[in-house]
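**Student:** A structural model of the following input is requested.
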Amino acid sequence: MELNKKIKLKTNETLVLRTATLEDAQNLVDYYNQLYVETDNFTRGKNDAPLVVNSEIEYLNNQNLSRNVMLLAILNKKIVGHAVITEKSQKMRLKHRCEFSIGVLKEHWGKGIAGKMMVEIIDLAKKMNYEQIDLVVLKSNTPALNLYNSFGFEQTGEIRHSFKMEDRHYEDAIFMTKFLVNTKQV
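**Tutor:** Numbers count the residues shown, from 1 in each chain. Predicted coordinates for the structure are as follows:
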């Protein structure tokens, strides 16, 4: 599934939203290595080994083999955000579900980039015939919770002590789901 769209932000900047390609591997590694250092909202953190290009190329190759898509947010020819939907499983009982993650570099928070990516990634999930999108978010990540709630995600569970931070305190996480179809049994 491919996308390439230009969108005006509230800052009057032009944001390019497009699907990732193999040519993005080095820029993605640079982006992720910055993202994971400046926020504690991801499973990978500043004390983990940095990502390398070969592993990103392998990941991008695998994206094309399944019902996955990575959407990039680009400002001034630089990756400033990403949104990913990943097939939960190829097993028949789980094929209706995908997992979701999103991130934006800290210097670009508050510009509406995450919301623009949400609109597009939800549309792509529907086009890929997913029936629900699942995600996990830290309970302390209020901006992300507000974003997900505004797009109709519902809390479906909680994981106590999901993350153990560098200073040894624990962070709880919340499971959230957005249903893309009416799931009521007839």
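**Student:** tell me how many other residues crowd Asp24.
**Tutor:** 20 (other Cβ atoms under 10 Å). For glycine as for every other residue, the C-beta is placed from the backbone atoms N, C-alpha and C.
**Student:** cool, and Leu147?
**Tutor:** Leu147, neighbours per other Cβ under 10 Å, totals 17.
**Student:** what's the spacing between it and Ala20?
**Tutor:** According to Cβ to Cβ, to the nearest Å, Leu147 and Ala20 sit 21 Å apart.
**Student:** for the lowest-mean-pLDDT helix or strand in the chain, buried residues please.
**Tutor:** Across the helices and strands of the chain, mean pLDDT, DSSP states H and E gives its lowest value to helix 53-63, namely a mean of 85. Buried residues in helix 53-63, counted by 16 or more other Cβ atoms under 10 Å: 56-57, 59-60, 63.
**Student:** which one of the residues you listed is nearest Ile79?
**Tutor:** For the buried residues of helix 53-63, the minimum distance to Ile79 (Cβ to Cβ) is 11.7 Å, reached by Glu56.
**Student:** now do the contacts for the nearest residue to that closest one once chain neighbours are set aside.
**Tutor:** The spatially closest residue to Glu56, leaving aside those adjacent along the chain, is Ala25, at 4.4 Å (Cβ to Cβ, 6 or more residues apart in numbering). Shown in contact with Ala25 (Cβ atoms under 8 Å, 6 or more residues apart in numbering): 53, 56-57, 60.
**Student:** out of those residues, who's nearest Thr14?
**Tutor:** Distances from Thr14 to the contacts of Ala25, taken by Cβ to Cβ, are shortest for Leu60, at 24.7 Å.
**Student:** mind checking pLDDT for the closest residue to that closest one other than its chain neighbours?
**Tutor:** In space, and not counting its chain neighbours, Leu60 is closest to Leu22: 5.3 Å by Cβ to Cβ, 6+ apart. Note on Leu22: pLDDT of 92.
**Student:** same question, Asn64
**Tutor:** Looking at Asn64, its pLDDT stands at 64.
**Student:** how about the one 10 residues further on?
**Tutor:** Here, the pLDDT recorded for Ile74 equals 98.
**Student:** number the chain from 38, please
**Tutor:** Right, with 38 as the first residue, what we last looked at is Ile111.
**Student:** before we move on, which element is it in?
**Tutor:** Ile111 is located in strand 106-112, with elements delineated by DSSP states H and E.
**Student:** now for the helix or strand following that strand, which elements pack on it?
**Tutor:** Next helix or strand after strand 106-112 toward the C-terminus (DSSP H and E): strand 115-124. In terms of contacts (3 or more Cβ pairs under 8 Å, 6 or more residues apart in numbering; DSSP states H and E), strand 115-124 is packed against helix 62-75, strand 106-112, strand 134-141, helix 150-164.
**Student:** re earlier: pick the one among the buried residues of helix 90-100 closest to Ile196.
**Tutor:** The nearest one, if we look at the buried residues of helix 90-100 relative to Ile196 and count by Cβ to Cβ, is Tyr96, at 24.5 Å.
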